[in-house]
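**Q** Predicted model follows, preceded by the sequence.
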Amino acid sequence: IYRIAQVLDQFGLRASVAVNGAVAERHPALLRDLVARHWEVVAHGWDMDSLHHGGLARDAEDALVANTLATLRRAGGQPVTGWLSPAKCESANTLSLVRARGVEYVCDWVNDDLPYAIAGGEGTLVAMPHSTELSDRQIVMDYHHSEAEYVQQVCEQFDVLHAEAATYGGRVLCLPLVPYITGLPYRIH
């Protein structure tokens, strides 16, 4: 992650970073470093072994949400108003549980490239674009495209969204980067 951070620093760019509660608990210095860069922390569940799913009791899921948010807020000093479920898995309760704990937007829904309102229990949330189609993990590891093909796809996505923005207004280019993919020494350039 530090290689990615250095590249973003070089260009004066900030990021939203999905961090799970277990990482914040085990590596608080990492979280402090990311927050010092003015990156926005997005809650990413407790850990990747604690999926939210239909068979999970509501109380158990609420405890995961509460513990995750409390740990990230305490460790990073940010309000943490975004949520990305581990593996993008939700139960029928997830949206209302995260909304009740102060979350304002979720990144689990990969069905649009513009934000939109989504019901969240007693209120609404914003579903933020989170592209699996431009994920370095998806393209490089799952689709077996080269790094050059990945760069071409990102540039083509940007070109279309930039052209649309001139006519229709702001657009979101979500570029999910995974440290163990893009952060490798031979890929980071």
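**A** Yep, it's here.
**Q** Past the longest helix along the chain, which element shows up next along the chain?
**A** Across the chain, the longest stretch assigned as helix under DSSP state H is helix 147-168. Reading on from helix 147-168 to the C-terminus, the next helix or strand found by DSSP states H and E is helix 179-182.
**Q** what sits up against that next one?
**A** Identification of contacts with helix 179-182 by Cβ atoms under 8 Å, 6 or more residues apart in numbering yields Ile1, Arg3, Ile4, Asp136, Arg137, Val140, Met141, Arg187, Ile188. No exception for glycine: its C-beta is placed from N, CA and C like everyone else's.
**Q** In helices only, show me the residues you listed.
**A** Residues of the contacts of helix 179-182 located in helices (DSSP H): Arg3, Ile4, Asp136.
**Q** correct me, but the first one touches Pro185?
**A** Yes. With contact defined as Cβ atoms under 8 Å, Arg3 and Pro185 form a contacting pair (7.3 Å).
**Q** who's more crowded, the two?
**A** Arg3 (15 against 7; other Cβ atoms under 10 Å).
**Q** check contacts around the more buried one.
**A** Arg3 sits next to Pro179, Thr182, Gly183, Leu184, Pro185, Ile188 when contact means Cβ under 8 Å, 6+ apart.
**Q** Now do the helices in this structure.
**A** 2-10, 21-26, 28-36, 58-76, 94-100, 136, 147-168, 179-182.
**Q** Tell me which of those sits nearest to Ala127.
**A** Nearest of the helices of the chain to Ala127, taken as Cβ to Cβ: helix 94-100 at 9.4 Å.
**Q** Would you indicate which residues of that closest one are buried?
**A** Across helix 94-100, burial judged by 16 or more other Cβ atoms under 10 Å covers Thr94, Leu95, Ser96, Leu97, Val98, Arg99, Ala100.
**Q** would you list these in JSON lines and tack on pLDDT and distance to Met48?
**A** JSON lines is the format used below for these (pLDDT from 0 to 100; distance: Cβ to Cβ, whole Å):
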{"residue": "Thr94", "pLDDT": "97", "distance to Met48": "16"}
{"residue": "Leu95", "pLDDT": "97", "distance to Met48": "20"}
{"residue": "Ser96", "pLDDT": "96", "distance to Met48": "23"}
{"residue": "Leu97", "pLDDT": "97", "distance to Met48": "19"}
{"residue": "Val98", "pLDDT": "97", "distance to Met48": "17"}
{"residue": "Arg99", "pLDDT": "97", "distance to Met48": "23"}
{"residue": "Ala100", "pLDDT": "96", "distance to Met48": "24"}
